[in-house]
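>>> after the sequence you'll find the predicted model.
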Amino acid sequence: MKRIILLVLFLPLLEARAQDLKANEFSISLGYMFEGEVYVWEPNFYGSVGETFLLKAEFDHYFATLNGRFGVGAYYSFSMPWYDGYEEVSVHEIGAVLKARLNAGDNIQIKPGAYFGYRAYGDDAGQGLGINGSVAVQYSVSEKLKPFIELGILSQPTGGNDATDITYSPVFQISAGVTF
């Protein structure tokens, strides 16, 4: 009985309401990565990572067979974080995204996403696996202009360079952007 009640309460979130759901969306955002803790295996110490602006571009394709609610896409991000042992270093990240979109009102969508990417650091600081997650709240101003605010986490469970392994646990980020 509890499952039926939960299903009945959840179904209104999935209805189409008055929104025009496009099959393809492109978004660009500017955000901030807060400071987090990085672990450097050799010489076995903890330092800091983050405190930088993030620029991200993303393309998402939503499947019509799933009522336009689930999509896959690709993303690219650029940042210049403080990375212990390397001061500020450039970071390019490219990868894939899995995303859902749920209606929370006539003009509001909630978009949770999971990001999996390859992270390359400049100055021979190495490379890493980026596993990130976010939830965006998007408001439809018009069919073509949809601003959003996004809260998320960035992590690197594996990575490093020829000298050592460098990893960090989830670090918070906040972004604002627009979807076309």
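Here it is on my side, so go on.

>>> so G47 makes contact with E37?
Yes. Counting by C-beta atoms under 8 Å, G47 does reach E37; the two are 7.5 Å apart. Yep, even glycine has a C-beta here, placed from its N, CA and C like the rest.

>>> tell me where this protein has helices.
Per DSSP state H, the chain carries helices over the ranges 2-14.

>>> in it, where is pLDDT below threshold?
By pLDDT under 70, the low-scoring segments of the chain are 1-20, 83-86.

>>> need the contact partners of stretch 53-63.
Contact partners of stretch 53-63, identified using C-beta atoms under 8 Å, 6 or more residues apart in numbering, comprise 21-33, 68-80, 97, 99, 101, 173, 175, 177.

>>> and it, what's buried?
L54, K56, E58, D60, Y62 (16 or more other C-beta atoms under 10 Å).

>>> which among these gets closest to T164?
T164 lies nearest to L54 out of the buried residues of stretch 53-63, by C-beta to C-beta, at 24.8 Å.

>>> state the distance from the closest one to T65.
According to C-beta to C-beta, to the nearest Å, L54 and T65 sit 33 Å apart.

>>> go on, A136?
From A136 to T65 the distance is 23 Å (C-beta to C-beta).

>>> and for E150?
In this view, E150 and T65 are 26 Å apart by C-beta to C-beta.

>>> try V137
The value you get for V137 to T65, if C-beta to C-beta is used, is 26 Å.

>>> between these two, tell me which one has more neighbours.
In terms of neighbours (other C-beta atoms under 10 Å), V137 is the more surrounded of V137 and T65; the figures are 14 against 6.

>>> contacting residues around that one?
The contact partners of V137, by C-beta under 8 Å, 6+ apart, come to A104, I108, Q109, I110, K111, F148, I149, E150.

>>> between those residues, which is nearest Q156?
Ranked by distance to Q156 (C-beta to C-beta), the contacts of V137 are led by E150 at 19.2 Å.

>>> not counting its neighbours along the chain, what's nearest N24?
Of all residues not flanking N24 in the chain, H61 sits nearest, at 5.4 Å (C-beta to C-beta, 6 or more residues apart in numbering).

>>> can you check G71 too?
Of all residues not flanking G71 in the chain, Y62 sits nearest, at 3.7 Å (C-beta to C-beta, 6+ apart).

>>> from S140, how far off is that neighbour?
Taken as C-beta to C-beta, the span from Y62 to S140 is 15 Å.

>>> so the closest residue to I166 other than its chain neighbours bridges to which residues?
Nearest non-adjacent residue to I166, counting by C-beta to C-beta, 6+ apart: G160, 4.3 Å away. Taking DSSP bridges as the rule, G160 bridges to Q127, D165.
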